[in-house]
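after the sequence you'll find the predicted model.
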Amino acid sequence: MPLTNVLCATCGLVFLDPMPTSDEIDRYYREQYREHYHGDSRPRPKALLRDKRGAEERVKLLAPYLQQGMRVLDIGAGTGAFVAAANAAGWQAEGIEPHLGFARYANEQLGARVHATTLETAPVHAGSFDLVTSSHVFEHLRDPLAAFRRVHALLRAEGIFHVGVPDIADPRRTPSARFHFGHTHGFTRESLMMMALRSGFEPIDGACDHGPVLLLRRRAEPVADWLCFPAHALAMKAFFRERSAWKHFTSATPYARFFKRMRRFRQENQQLE
């Protein structure tokens, strides 16, 4: 820090420039990120509650696309909550989590098979998974396009990839909070979709039709005309120009967001009592 974000004039993808090195990113996520973001090297009760709830929602979403015994990989497994829930649903699931403390918790406390490594070096084999899932991970990667292609290689023919990232163009976000200290890239639905098409995926009709959360099917080849939102970069330039801190704080958005978060915190505290 400080970190500088720039905007691709072709596709509208936001990314750091200069980009940290691979060694810097690997070391940060292996040793420091969870402490900076969660405040501890092991998951706290509130984080466990949220992970469990999110895991149950993801299992429910993906269940129609999987049969008993199918192989599932979770990239950025965190506490291992999704891997454990997927195994309980009858799938053969494993995960990848670079942070040593969280990966250890997943293995020791939940009995979830989570590899304490990165996607690039994980001991997983090409063509061996029916489904890969990743929630709020690709915005942290140095080369998300290479990661998309790695997922493509890991999936069997017509396998499914479920990927979700934060929306950098979410109008409810505080302008200063759009650029998170742990994010190397900032996606919208459009920029994420174009990266998916470029990597050999196509969207499954009627699934995950909101924000930068996609349910994709593996194609044999990438889509040649992947630049399907040619005006997106200009739209993003206009978005950042118009979303000033002054306009944000003189609208009702930040205050409605604040009270919504307070209600959620109160509900979570009641569940933990």
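Looks like it arrived, so ask away.

hey, where'd the helices end up in the stretch 151-273 of the chain?
Here the stretch 151-273 of the chain has its helices, by DSSP state H, counting those that start in this stretch, at 189-199, 232-242, 245-249, 253-272.

residues in contact with residue 163?
By C-beta atoms under 8 Å, 6 or more residues apart in numbering, the contact list for residue 163 reads 133-135, 138, 192, 196, 213-214, 216. (Glycine included, C-beta is placed from N, CA and C.)

rerun that using 6 Å as the cut-off
134, 214 (C-beta atoms under 6 Å, 6 or more residues apart in numbering).

tell me the bridge partners for it.
Taking DSSP bridges as the rule, residue 163 bridges to residue 134, residue 214.

what's the neighbour count on the closest residue to residue 13 other than its chain neighbours?
In this structure, residue 13 finds its nearest non-sequential neighbour in residue 191, 4.4 Å apart by C-beta to C-beta, 6 or more residues apart in numbering. By other C-beta atoms under 10 Å, the residues close to residue 191 number 27.

now do the residue nearest to residue 138 when sequence neighbours are not counted against residue 234, distance only.
Leaving aside its chain neighbours, residue 138 sits nearest to residue 144 (4.5 Å; criterion: C-beta to C-beta, 6+ apart). For residue 144, the distance to residue 234 equals 22 Å [C-beta to C-beta, to the nearest Å].

comparing those two, which residue is more hemmed in?
Legend: neighbour count by other C-beta under 10 Å for residue 144 and residue 234, higher for residue 144 (23 against 11).

that one contacts residue 150, doesn't it?
No. When contacts are counted by C-beta atoms under 6 Å, residue 144 is not listed as touching residue 150 (10.1 Å).

okay, and the common contacts of the two?
Joint contacts of residue 144 and residue 150 (C-beta under 6 Å, 6+ apart) do not exist.

so residue 94 is in which element?
Per DSSP states H and E, residue 94 falls inside strand 92-96.

and residue 171, what pLDDT?
Note on residue 171: pLDDT of 84.

residue contacts, it?
With C-beta under 6 Å, 6+ apart as the criterion, no residue contacts residue 171.

that one and residue 16, how far apart?
23 Å.

from start to finish, how long is stretch 174-192 in a straight line?
End-to-end distance of stretch 174-192 (C-alpha to C-alpha, to the nearest Å): 22 Å.

buried sites along it?
The neighbour-count check on stretch 174-192 (16 or more other C-beta atoms under 10 Å) flags 178, 183-192 as buried.

next one: the closest residue to residue 69 other than its chain neighbours from residue 126, what distance?
Spatial nearest neighbour of residue 69, excluding adjacent residues (C-beta to C-beta, 6+ apart): residue 92 at 6.3 Å. With the distance defined as C-beta to C-beta, residue 92 ends up 17 Å from residue 126.

then residue 169?
Residue 169 is 34 Å from residue 126, by C-beta to C-beta.

check which helix or strand covers residue 79.
Going by DSSP H and E, residue 79 is not part of any helix or strand.

stretch 70-79 - what's its average pLDDT?
Averaged across stretch 70-79, the pLDDT comes to 96.
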